[in-house]
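Undergrad: next come a sequence and a model predicted from it.
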Amino acid sequence: MTPQLDLFGHPSVPEPPCEGACPAARDAELQRLAARLSPRIRLGTSSWAFSGWAGVVHDRALPERVLSRNGLATYARHPLLRTASLDRTFYAPIGEDDYRRHAEQVPEGFRFLVKAPQSLTAAYLFESREPSPHFMDPAAARDLFVSPCLAGLGPAAGPLVFQFPPQGRAATRDPAAFAARLQRFLERLPGGALYAVELRDRELLGPETMRALEASGARLCLSVHARMPPVQVQAAAATSLGRGPLVVRWNLHAGFAHEEAKPRYAPFDRLVDEDPATRIAIAALCRDCAEHGDDAWVIANDKAEGSAPLTLERLARAIVEGAA
């Protein structure tokens, strides 16, 4: 029997059996929206384990421990969710086998955005305030992060993001010194990966850092965060990098700290504070990428508007329809 074609023109694959989590029902409008979205644009969230996503991603509310273990395969069957951010790697490295287990749960064409361990990007360890022995150490980055990630994920590896938390006055007062060290670090990383740098200090969003990224072939990860200027300002600062992949992390609603947004938006089952200005800006950047044959990656957090999957539905509609 000839396999039935799905909305993207590929033979459909039989749905794997549910292990606790099953996909939510999809309406025809959502399927049509996904079919209109360029395959170069990958939208995703920073986790797949929120019980508040019942009826949107998962078919019913389940404990987060169940979703953490079994929810990824269900998440990856949502028509709009073609990527996911592995954020747990920011807090501690994981091994090649862990990465491989993630890759085995997603379909062909799915890609992960992966955050580097904070020990590589924070000058001081958060817990002890002792100097990090691995801060911008390319050998440690290779051994603890890049090599196991690429070997385990294989073709499912997308952008590898180095999120630099606030670097302190020594760095912000001397952006050139930070940029020089960043360039040396990036140029010594293994080849074959898309590297992106996310900042939390607007003072470092200057020409020195952009020259470091350009020289090393890395991209700026645009961060929607209270500590950073609007996403379109960051994109303008990065124009010197030229055409290439777009990486955006829509982290936090303007005007809120993380500790404020979480209780305001939980259980993350609806949009609470919509941000149409950011949505319009990101949609325009995504359309421009797709039109020029570049890939775009957008990761949304629940604390951006209240519910990351619903944020991405609105964003997808803004991309294909050209309106907020």
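TA: Yep, that arrived.

Undergrad: doesn't residue 77 lie inside a helix?
TA: No. Counting by DSSP: H, G, I helix; E, B strand; the rest coil, residue 77 falls outside a helix, being coil.

Undergrad: can you tell me the closest non-neighbouring residue to it?
TA: What sits nearest to residue 77 in space, not counting adjacent residues and going by CB to CB, 6 or more residues apart in numbering, is residue 23, at 4.9 Å. No exception for glycine: its C-beta is placed from N, CA and C like everyone else's.

Undergrad: correct me, but the one you found touches residue 73?
TA: No. Assessed by CB atoms under 8 Å, residue 23 is found out of contact with residue 73, at 9.2 Å.

Undergrad: these two: which has the busier surroundings?
TA: Shown here are residue 23 and residue 73; by other CB atoms under 10 Å, residue 73 has more neighbours (20 against 17).

Undergrad: looks to me like the more buried one is in a strand.
TA: No. Counting by three-state DSSP, residue 73 falls outside a strand, being helix.

Undergrad: distance of it relative to residue 114?
TA: According to CB to CB, to the nearest Å, residue 73 and residue 114 sit 18 Å apart.

Undergrad: now residue 110, nearest residue through space, not along the chain?
TA: Nearest to residue 110 is residue 76, by CB to CB, 6+ apart, at 5.4 Å.

Undergrad: tell me the mean pLDDT over stretch 145-165?
TA: Per-residue pLDDT values over stretch 145-165 give a mean of 98.

Undergrad: oh, that last question was meant for stretch 202-218, not what I typed.
TA: On average, stretch 202-218 scores 97.

Undergrad: so how far is it from its chain's centroid?
TA: 20 Å (CA atoms, centre = their mean, to the nearest Å).

Undergrad: can you check stretch 149-159 too?
TA: Distance, centroid of stretch 149-159 to centroid of chain: 14 Å (CA atoms, centre = their mean).

Undergrad: pull out the buried positions in it.
TA: 149, 150, 152, 153, 156, 157, 158, 159 (16 or more other CB atoms under 10 Å).

Undergrad: for those residues, which one is nearest residue 109?
TA: Checking these against residue 109 by CB to CB gives residue 156 as the nearest, at 8.9 Å.

Undergrad: grab the nearest non-local neighbour of the closest one.
TA: residue 103 (4.2 Å).

Undergrad: show me what whichever strand or helix holds residue 101 is packed up against.
TA: Assigned by DSSP states H and E, residue 101 falls within helix 96-103. The contact analysis (3 or more CB pairs under 8 Å, 6 or more residues apart in numbering; DSSP states H and E) places helix 96-103 against helix 147-153.

Undergrad: now the element after the helix it packs on, going C-ward?
TA: strand 157-163.

Undergrad: can you give the strand pairings for that next one, parallel or anti for each?
TA: strand 111-115 (parallel), strand 195-198 (parallel) (DSSP bridges).
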